[in-house]
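[1] Compute the structure for the input listed below.
(chains A and B)
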Amino acid sequence: DIQMTQSPSSLSASVGDRVTITCRASQGISNYLAWFQQKPGKAPKSLIYAASSLQSGVPSRFSGSGSGTDFTLTISSLQPEDFATYYCQQYNYYPFTFGPGTKVDIK
Amino acid sequence: EVQLVESGGGLVQPGGSLRLSCAASGFTFSDHYMDWVRQAPGKGLEWVGRIRNKANSYTTEYAASVKGRFTISRDESKNSLYLQMNSLKTEDTAVYYCARGRRGAADFDYWGQGTLVTVSS
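    Have a look, this model is predicted:
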């Protein structure tokens, strides 16, 4: 199975900060990488697919990049509604696998 | 508006069975792959399995942890997705989400709100 790792596991940031989360796959997955946002007690929300494409309705302050094994999610200017846990997921190989998550909370 | 509504969760004893449903609306159900993803209390996300659409013969894929115990099916006439769970274990305790595959692609674009399954004696 493809192992997904994320760093950091958690971070504290202020409104307006630029935030970057990294995700690494244990082997190359081309650009078959998605990012999800999850708030406590809520279902995940799809943010990005194909490593860098925004899902419909997702604000442009979110961006993704990378290919192969190394990927990043960037929030250009953190907003109050962005405090949440973020997961990456590879969908190049079955079984699909998720990273362990990065919790973004208020500094 | 795309909507996915799960139901059927509850408390079940180890070794028991449960069937989850996911009612889909707001889109052409038959065009999309559908997936189940679960989340144990306080833990991360775990993919459970996928069922492809009619054009791809409704074929399925499963995580090793559920293969042989869980079965994914769909009923196009009811716009519904199902997860039949047999031989349940305590480690199957989780919130179960259905998710829609983006049309023509493998990733997910919409998720349901989830249903809680608790396996305990």
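
[2] When you work out contacts or count neighbours from here on, use the C-alpha atoms and nothing else.
    Fine.

[3] tell me the centre residue of chain A?
    In chain A, the residue lying closest to the centroid (Cα atoms, centre = their mean) is A:Trp35, at 3.8 Å.

[4] Does that one lie in a helix or a strand, and which?
    A:Trp35 belongs to strand A:33-38 when assigned by DSSP states H and E.

[5] That strand: partners in the sheet, and parallel or antiparallel?
    If you go by DSSP bridges, strand A:33-38 pairs up with strand A:45-49 (antiparallel), strand A:84-90 (antiparallel).

[6] Can you read off the pLDDT for residue 65?
    Looking at chain A here, since you left the chain open. At A:Ser65, the pLDDT value in this model is 98.

[7] that's the wrong chain, I wanted chain B
    98.

[8] Same question for B:Gly112.
    With respect to pLDDT, B:Gly112 has a value of 98.

[9] Quick one: the strands in the chain, in order.
    Unless you meant another one, I'm taking chain A. A:4-7, A:10-13, A:19-25, A:33-38, A:45-49, A:53-54, A:62-67, A:70-75, A:84-90, A:97-98, A:102-106 (DSSP state E).

[10] that's the wrong chain, I wanted chain B
    For chain B, the strands defined by DSSP E occupy B:3-7, B:10-12, B:18-25, B:34-39, B:45-51, B:60-62, B:70-75, B:80-85, B:94-101, B:108-111, B:115-119.

[11] Quick one, which of the ones you listed gets closest to A:Cys23.
    Closest approach to A:Cys23 among the strands of chain B (Cα to Cα): strand B:45-51, 15.0 Å.
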